[in-house]
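Q: quick one: sequence and predicted model below, then my questions.
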Amino acid sequence: MAMQAESGNAGGPAAGVRWDLSHLYGSPDDPRIDADLDDAQQRAEAFAERYRGRVASLDAAELAEALDAYEALQEAPSRAGAYASLLFAADTATPRNGALMQHVQERVTRLQTVLLFFELEWVGLEAEQAEALLKDPALARRRHLLESMRRYRPHLLSEPEERILAETANTGRNAWSRLFDEILAGMRFSVQRDGETRELSEEEVLSLLYEPDREVRREGARALTEGLKRNSRVLAFLFNTLVQDKSVDDRLRSYPVPMRSRNLANEIPDESVESLLSACVDRYPLVARYYRLKAKLLGLPSLADFDRYAPLPQAAGTRSFDEARRIVLDAYGDFDPRMADVARRFFDERWIDAELRPGKRGGAFCASTVPSVHPYVLLNYTGNLRDVMTVAHELGHGVHQHLAAGRGLFEQNTPLTTAETASVFGEMLVFRRLMGEESDPGTRLSLLCGKLEDAFATVFRQVAMTRFEQALHAARREEGELPVDRMSALWMDANRPMFGDSVHLSEDYAWWWLYIPHFVHSPFYCYAYSFGELLVLALVRRYDEEGAAFVPRYLELLEAGGSDAPAALLSRIGLDVADPRFWDGGLALLEEMVGEAEALAEQAGG
Ligand SMILES: [Zn+2]
């Protein structure tokens, strides 16, 4: 149960599970923060002194040396940035945390403006000279990094222009993003229950949609809508501003379509993204087929929007945080003991913050911080099965980032498209572990349905959200500032085709785009989830076929981090993501799972 107030258990089932940020810095007042930033600033200025205006005259060995220095001096500021943002995520309500984040952000920006010349000069090199340098063995380890920097060549502005944009972003786009977080964290939703009114956070009100009692779900949906509506003027203004900001940025940088900058960052061509999206849209009928089964299982004639996450009758109850830990470590350990060893450190060494606290950021994430420290995981653990999957998910990221730390600051992290590989794979391992422990058809059915619902949320829902963003950005460019109703209509248009006639979407549902952080923080992020999930389903099939032989290759893939383009890393394990039929493999597996669920339903019912 999500409502801590009700159980009298402040902090929820993971009460007391707090991370120890002292591995980064001692406190917000730790003098090492500014000392590190001062030192980095001095080193950056010395670096600029030495290399400014000279990048074109460096030979391969000198360029390699410069890159090493460039990477090394960014370690400390990244550490300070990670510390400030984790501190803020853990407690957004303390003004000092927001102030520290702002302070570090400004200092890091100041430092980066000194360093900007380096990348610009490298990118400014003529193709012939750059290619000659990249062939040199002295740069072999840096080839991918240097090549991928040059992919932005057609979109970079002059140095003074880049400086202005970087400096004004803190009072522009970054400030709007932070305002969104603060509004959402501060929002309270009035829920009527048992004749009482309770003021719930976003996290708590959303968790009501997972309650077995239909009236509770209905009330949760009503309260969510009411809260969003109350804040819709300022949120819609914020959306309009950020969408317009992106449009200006795209125009200045000559990006022809709104998605291009994201696709470039993901190192995936527009056509591959479009073939992923349309392959999923073609399978939308599968979503309707599943929700018709779900209505039957719930004993309802048809589903309302607030019924989508309703637990099935046999769904297992709550899991303590210790149980979640055991399940995840067992599942990881079955695959490979090394994976469990890394995951265990998150629990044992306090790299996780899992309890519920007022002012804490909602949702869950894993932050890689810097290679010399370790990643941190933030959760809001309420104890349902979905939360166990979230633990598996975030620890997948954690294992991935930890294994890839050897690649250094610049190549530890992958682009978004493959960033979800280990997280979704980890979830799949936990799912199979849970299925293996169960023999009762009813329980198996509810587990399978849970997995299917997660997969649908990851594949199809993200595709619908991407279609919404495409429509939103296009409409803003054509029509100017959009009234909130217009944006809601676009949201409904993007969602209806997915549900078909299987789920009734009410007027309330029209407002439910307003709280989704990806639209604000990272436009067009969402399709990376679909990419990741369908990719993982392909990896799972490979694991099923090859067994133990697959394990070292998979770990090698994780250890490679972002040291090469995703397609190149994946081709090493025999997957071709450029092939349009590639996506059908994962989608077919989902279809099989729906068929299996239908069969289990017959069994459990009969
Ligand atoms: Zn993730």
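A: Everything's here; your move.
Q: ramachandran angles for Met435?
A: Note on Met435: backbone dihedrals following degrees, to the nearest 10 are phi -60, psi -40.
Q: burial count for it?
A: Neighbourhood size, Met435 [other Cβ atoms under 10 Å]: 14. For glycine as for every other residue, the C-beta is placed from the backbone atoms N, C-alpha and C.
Q: isn't it up against Arg444?
A: Yes: between Met435 and Arg444 there is a contact at 6.2 Å, judged by Cβ atoms under 8 Å.
Q: packing partners of the helix or strand hosting Ala568?
A: Assessed by DSSP states H and E, Ala568 sits inside helix 566-571. Contacts defined by 3 or more Cβ pairs under 8 Å, 6 or more residues apart in numbering; DSSP states H and E place helix 566-571 against helix 416-419.
Q: quick one: the helix it packs on to chain centroid distance?
A: 9 Å (Cα atoms, centre = their mean, to the nearest Å).
Q: counting by contacts, list what it packs against.
A: In terms of contacts (3+ Cβ pairs under 8 Å, 6+ apart), helix 416-419 is packed against helix 527-546, helix 566-571.
Q: extract the CA atoms of the first one and return them as CSV.
A: This file holds the C-alpha atoms of helix 527-546, laid out as CSV (Å, rounded to 0.1, in the frame of the first residue of the first chain):
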residue,chain,number,x,y,z
TYR,A,527,11.1,6.2,-27.9
ALA,A,528,14.4,5.2,-26.4
TYR,A,529,12.3,3.1,-24.0
SER,A,530,10.6,1.3,-26.9
PHE,A,531,14.0,0.8,-28.6
GLY,A,532,15.5,-0.6,-25.3
GLU,A,533,12.6,-2.9,-24.6
LEU,A,534,12.4,-4.4,-28.0
LEU,A,535,16.1,-4.7,-28.2
VAL,A,536,16.1,-6.5,-24.9
LEU,A,537,13.4,-9.0,-26.0
ALA,A,538,15.8,-9.8,-28.9
LEU,A,539,18.7,-10.2,-26.4
VAL,A,540,16.5,-12.5,-24.2
ARG,A,541,15.8,-14.7,-27.2
ARG,A,542,19.5,-14.9,-27.9
TYR,A,543,20.1,-15.9,-24.3
ASP,A,544,17.5,-18.6,-24.5
GLU,A,545,19.1,-20.0,-27.6
GLU,A,546,22.7,-19.8,-26.5
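Q: next, the buried residues of it.
A: Buried residues in helix 527-546, counted by 16 or more other Cβ atoms under 10 Å: 527-540, 542-543.
Q: ok, now the last one?
A: The neighbour-count criterion (16+ other Cβ under 10 Å) identifies 566-567, 569-570 as the buried residues of helix 566-571.
Q: show me the longest helix that occurs in the chain.
A: helix 95-124 (DSSP state H).
Q: now the next helix or strand after that helix: buried residues?
A: With elements assigned by DSSP H and E, the helix or strand that comes after helix 95-124 is helix 127-135. For helix 127-135, burial by neighbour count (16+ other Cβ under 10 Å) applies to 130, 133-134.
Q: neighbouring contacts of helix 127-135?
A: 56, 59-60, 63, 122, 125, 139, 143, 146-147, 150 (Cβ atoms under 8 Å, 6 or more residues apart in numbering).
Q: ok, now with 7 Å
A: With Cβ atoms under 7 Å, 6 or more residues apart in numbering as the test, helix 127-135 has contacts from 60, 63, 139, 143, 146-147, 150.
Q: can you tell me which of the residues you listed are classed as buried?
A: Buried among the contacts of helix 127-135 (16+ other Cβ under 10 Å): 60, 63, 139, 143, 146, 150.
Q: nearest to Gly480, of these?
A: Arg150 (35.6 Å; Cβ to Cβ).
Q: surely that closest one and Val123 touch.
A: Yes: Arg150 is within contact range of Val123, at 5.4 Å (criterion: Cβ atoms under 7 Å).
Q: hang on, the earlier thing: narrow the buried ones among the contacts of helix 127-135 to those in helices?
A: Residues of the buried ones among the contacts of helix 127-135 located in helices (DSSP H): 60, 63, 143, 146, 150.
Q: so Tyr525 belongs to a helix, correct?
A: No: assessed with DSSP: H, G, I helix; E, B strand; the rest coil, Tyr525 is coil; it does not lie in a helix.
Q: if I look at it, what pLDDT would I see?
A: We have a pLDDT of 91 for Tyr525.
Q: residues touching it, list them.
A: So Tyr525 contacts 416, 518 (Cβ under 7 Å, 6+ apart).
Q: one step back: dump the helices and strands packed on helix 416-419 to JSON lines, plus distance to Gly586.
A: Converted to JSON lines, the helices and strands packed on helix 416-419 look like this (distance: least, Cβ to Cβ, whole Å):
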{"stretch": "helix 527-546", "distance to Gly586": "4"}
{"stretch": "helix 566-571", "distance to Gly586": "13"}
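Q: which of those sits closest to Phe237?
A: Comparing those by their distance to Phe237 (Cβ to Cβ), the top pick is helix 527-546, with 26.3 Å.
Q: the closest one packs against which elements?
A: Helix 527-546 sits against helix 270-282, helix 416-419, helix 421-437, helix 462-479, helix 550-559, helix 582-605, with contacts defined as 3 or more Cβ pairs under 7 Å, 6 or more residues apart in numbering; DSSP states H and E.
Q: for Pro371, which of the helices and strands packed on helix 416-419 is the nearest?
A: Set against Pro371 and scored by Cβ to Cβ, these come closest in helix 566-571, at 18.5 Å.
Q: just give me the closest of the buried ones among the contacts of helix 127-135 to Ser27.
A: Nearest to Ser27 among the buried ones among the contacts of helix 127-135, with distances taken as Cβ to Cβ, is Leu146, at 38.7 Å.
Q: quick one: contacts for that closest one?
A: For Leu146, the contacting residues are 122, 134, 139, by Cβ under 7 Å, 6+ apart.
Q: 8 Å instead?
A: Applying Cβ under 8 Å, 6+ apart to Leu146 gives the contacts 67, 122, 130, 133-134, 139.
Q: same question, Ala340
A: 329-330, 332-333.
Q: quick one, phi psi at the nearest residue to Ser232 once chain neighbours are set aside?
A: With Cβ to Cβ, 6 or more residues apart in numbering as the criterion, Ser232 has its nearest non-adjacent residue at 5.2 Å, and that residue is Val484. Main-chain dihedrals, Val484, degrees, to the nearest 10: phi -60, psi -40.
Q: neighbours around Val484, how many?
A: Neighbours of Val484 (other Cβ under 10 Å): 18.
Q: from Trp491, how far off is it?
A: 10 Å (Cβ to Cβ, to the nearest Å).
Q: buried sites along the helix or strand harbouring Leu329?
A: Assessed by DSSP H and E, Leu329 sits inside helix 321-335. Within helix 321-335, the residues that count as buried by 16+ other Cβ under 10 Å are 321, 324-325, 327-329, 331-333, 335.
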